[in-house]
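Engineer: can't give you the sequence, but here's the structure:
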């Protein structure tokens, strides 16, 4: 690796004894001019060269890329995404297309690509320009980050470009932002700013690592979005208090709902494989059903004017339906059969009597009915289904958003109206992964690390797989990953060369991201030195932890994250999208409870379920066991039975509710929702007979 042109200095703060260097390299900038005119004649581009000149006038900055594109959203996005993905630049500046002109589309192109918006930078740009002209109010700048790259959009005028860049370079705003984006602390920028202004800073470090006192006033130092501990450092450096805020159950569910995006629509053949999918289109009857008049019973077609009497019998072998029925004859017909021309009624077999059959030598088949006697007078259209009496042409038979269940009604309806193919939302593929040095694979007992070491059988993968497959989801089993670290030299995003320990989880998660739509992991979410999932997600995949702790019991350390993932879809040509990871607790009961509370709604949202049906159904139940309350919302495993005599659903506890006791879910078909115990509240339990909500996770039972 060539480090020429970089100024190096040794750091004495490496906690793990590794050699650590800071590479004082230039900040690399890329400039994109957006202009229909300039894309046709580059000599008309004035703002792009101005941006490049101003950037390179500042020490430590280098313009490495420049390009001109027309006011075309796709081309803008493709260029910006390419620069960000290659990670060859730290700062992307666009100029032009930010106004209210008909072709001004730069904000619309950049905004969908941003992973984190920088509203403060936008405010800085507008406020600096408004000092010079009120027309700056017509500018529509956007700013934010894509992976580890800062993106800022500037106007197309040279004057506005100069004003905005002056604001961005003043007081080290850009340097500070890029340092933080790349995982730095911002201390060096603070120090440089302090010395340039002639102020000395004395930091007094107390037990709160995020609060520093500056000459008697409290200052909250800006920090990067990465909250997890660095697994490459010594155990003694890990967090003693979780950096992830404890959020409410309601807030967590809202975050999941807002983050998850429904999967694309696919077209499938109408057969058993479409079961479990959700319709992505309204289904209309293409024609009348039945298309012609048919019978609703087994019997004989005749004219309603025919009086009771003896008639010769015709069949499909002896009479064409299109020919009028001859006088003195009736037509034998089975349920659903079409009536022959000239008939308008059907008499049931029960209202007739056999008179004679064909004998050998006669024109009919031996033993077949030859004559029958009708015993009743039929009314017009008696036992007849009119054309369109079941479904008329153009009738809505199934609605978008309806699930095709395994009960057969939906598939039957599709077949009934003659649909051979149907548009549905793609059903998500789910990857599952267990973590932990102590976890052993039941199907591979040799996975135990040492016969003398105590271990536990992996309960989570088998139980989650059973639950998922019972719901119709395809599962990718990623196996068990040990909480181990391997050593590797590498140059990090913030230009640090170090001996870095790479978690073994990375390869498994990469496989999951490539083969599945969502990943479920269990274990590794708490505060242990080898609880690596949060650091891996943030530091190795550049992911975002949406929440890392929830006020729920069991399942407090439940984690929900998004990670960038490159797609090959034609619609995603201009960029990447994200996939979600649920990191569930390792205790078996916690893993299953949080699966039903958090994961099932997410899977349903992915699969196109209507929002109001994504949550599992809730019912009111009468407690048959007293249940203690906790400061967190608790989901108490229970067996719910219907008491028909009393007209009430009754909830029976499954016993001990310890989070490691998966047996508490054996036979359970519901989770009783116990409200939070409020501070100072004397009520600490719900007594027998009390009513409570319960989440239904399986079929209801009857009271024995």
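Structural biologist: Right, received. Where do you want to start? Quick caveat, the model's predicted, so the values are computed rather than measured.
Engineer: For the residue nearest to the spatial centre of the chain, list the residues it contacts.
Structural biologist: Most central in the chain under CA atoms, centre = their mean is residue 260, positioned 3.3 Å from the mean C-alpha point. Residues in contact with residue 260 (CB atoms under 8 Å, 6 or more residues apart in numbering) are 580, 602, 605, 606. Using the backbone N, CA and C atoms, a C-beta is placed for each residue, glycine as well.
Engineer: Tabulate those residues in a markdown table, adding columns for pLDDT, secondary structure and neighbour count.
Structural biologist: Output for those, formatted as a markdown table (pLDDT from 0 to 100; DSSP: H, G, I helix; E, B strand; the rest coil; neighbours: other CB atoms under 10 Å):
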| residue | pLDDT | secondary structure | neighbour count |
| --- | --- | --- | --- |
| 580 | 97 | strand | 23 |
| 602 | 98 | helix | 22 |
| 605 | 97 | helix | 23 |
| 606 | 97 | helix | 23 |
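Engineer: Name the pair among those with the greatest separation in space.
Structural biologist: Using CB to CB, the two most remote members of the contacts of residue 260 are 580 and 605, lying 10.2 Å apart.
Engineer: Now residue 330: which helix or strand?
Structural biologist: strand 329-333 (DSSP states H and E).
Engineer: same question for that strand, mean pLDDT?
Structural biologist: Mean per-residue pLDDT for strand 329-333: 97.
Engineer: Endpoint to endpoint, stretch 410-426 covers what distance?
Structural biologist: 17 Å (CA to CA, to the nearest Å).
Engineer: Could you pull out the buried residues of that stretch?
Structural biologist: 410, 411, 413, 414, 417, 419, 422, 424, 425, 426 (16 or more other CB atoms under 10 Å).
Engineer: From those residues, which land in strands?
Structural biologist: Judged by DSSP state E, the subset of these located in strands is 422, 424, 425.
Engineer: follow-up on the earlier one: wait, which of the contacts of residue 260 is closest to residue 312?
Structural biologist: residue 606 (64.2 Å).
Engineer: Not counting sequence-adjacent ones, nearest residue to residue 692?
Structural biologist: Taking CB to CB, 6 or more residues apart in numbering, and ignoring the residues beside it in sequence, residue 692 has residue 672 as its nearest neighbour in space, at 5.4 Å.
Engineer: Strands of the stretch 301-450 of the chain, start to end?
Structural biologist: Assigned by DSSP state E, counting those that start in this stretch, the stretch 301-450 of the chain shows strands spanning 310-314, 329-333, 345-348, 352-357, 369-374, 384-385, 396-398, 421-425, 429-435, 439-440.
Engineer: Including distance to residue 471, could those go into TSV?
Structural biologist: Below are those laid out as TSV (distance: least, CB to CB, whole Å):
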stretch	distance to residue 471
strand 310-314	53
strand 329-333	45
strand 345-348	46
strand 352-357	52
strand 369-374	53
strand 384-385	38
strand 396-398	21
strand 421-425	15
strand 429-435	10
strand 439-440	24
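Engineer: related to what we said a few turns ago, I'd say the residue nearest to residue 692 and residue 639 touch.
Structural biologist: No - with contacts defined as CB atoms under 8 Å, residue 672 does not count as touching residue 639, sitting 10.3 Å away.
Engineer: Report the set of residues contacting both of these two.
Structural biologist: residue 651.
Engineer: neighbour-wise, which of these two wins?
Structural biologist: residue 672 (23 against 18; other CB atoms under 10 Å).
Engineer: Shouldn't that one be within a strand?
Structural biologist: Yes - counting by DSSP: H, G, I helix; E, B strand; the rest coil, residue 672 is found in a strand.
Engineer: That one pairs with what?
Structural biologist: As for beta bridges, residue 672 partners with residue 636, residue 694 under DSSP bridges.
Engineer: Contacts only, for it.
Structural biologist: Residue 672 is in contact with 621, 623, 627, 635, 636, 637, 638, 651, 653, 692, 693, 694, counting by CB under 8 Å, 6+ apart.
Engineer: What separation is there between it and residue 700?
Structural biologist: Distance of residue 672 to residue 700, computed by CB to CB, to the nearest Å: 14 Å.
Engineer: Same check on residue 509?
Structural biologist: 38 Å.
Engineer: neighbour count winner among the two?
Structural biologist: Per other CB under 10 Å, whichever of residue 509 and residue 700 has more neighbours is residue 509, with 25 against 13.
Engineer: Now the element after whichever strand or helix holds that one, going C-ward?
Structural biologist: Assigned by DSSP H and E, residue 509 belongs to helix 505-515. Per DSSP H and E, helix 505-515 leads on to strand 518-522 as the next helix or strand towards the C-terminus.
Engineer: Just want the angle from that following strand to strand 429-435.
Structural biologist: 20 degrees (axes from the mean of the first three to the mean of the last three CA atoms, to 10 degrees).
Engineer: Give the next helix or strand downstream of strand 518-522.
Structural biologist: Heading C-terminal from strand 518-522 (DSSP H and E), you reach helix 533-535.
Engineer: Mind giving me the packing neighbours of that following helix?
Structural biologist: Contacts defined by 3 or more CB pairs under 8 Å, 6 or more residues apart in numbering; DSSP states H and E place helix 533-535 against strand 559-565.
Engineer: 10 Å instead, please
Structural biologist: Contact partners of helix 533-535 among helices and strands, from 3 or more CB pairs under 10 Å, 6 or more residues apart in numbering; DSSP states H and E: helix 505-515, strand 559-565, strand 577-584.
Engineer: Residue 129: which of these is closest?
Structural biologist: Across those, closest to residue 129 is strand 559-565 (CB to CB), at 32.3 Å.
Engineer: Tell me the one of the contacts of residue 260 nearest residue 264?
Structural biologist: Set against residue 264, the nearest of these by CB to CB is residue 606 (10.5 Å).
Engineer: If we ignore the residues flanking it in sequence, what's nearest the closest one?
Structural biologist: residue 428 (4.2 Å).
Engineer: In contact with the one you found, which residues are there?
Structural biologist: Residues near residue 428 by CB atoms under 10 Å, 6 or more residues apart in numbering: 260, 262-263, 468, 473-474, 516-518, 580, 602-608.
Engineer: Kindly check the end-to-end length of stretch 289-302 for me.
Structural biologist: In stretch 289-302, first residue to last residue: 22 Å (CA to CA).
Engineer: Repeat that for stretch 149-160.
Structural biologist: 23 Å.
Engineer: picking that back up, pLDDT averaged over the helix holding residue 509, what's the number?
Structural biologist: 92.
Engineer: And that helix, what's buried?
Structural biologist: Neighbour counts over helix 505-515 (16+ other CB under 10 Å) mark 505, 506, 508, 509, 511, 512, 513 as buried.
Engineer: Which one, of the strands of the stretch 301-450 of the chain, ends up nearest to residue 322?
Structural biologist: strand 329-333 (12.4 Å).
Engineer: Can you list the low-confidence ranges for the stretch 551-700 of the chain?
Structural biologist: 567-576, 656-665 (pLDDT under 70).
Engineer: again, 80 this time
Structural biologist: For the stretch 551-700 of the chain, applying pLDDT under 80 flags the ranges 566-576, 656-666, 679.
Engineer: quick check: angle from the longest helix anywhere in the chain to strand 559-565?
Structural biologist: Longest helix in the chain, counting residues (DSSP state H): helix 73-86. Angle between the axes of helix 73-86 and strand 559-565 is 110 degrees (criterion: the same axes, to 10 degrees).
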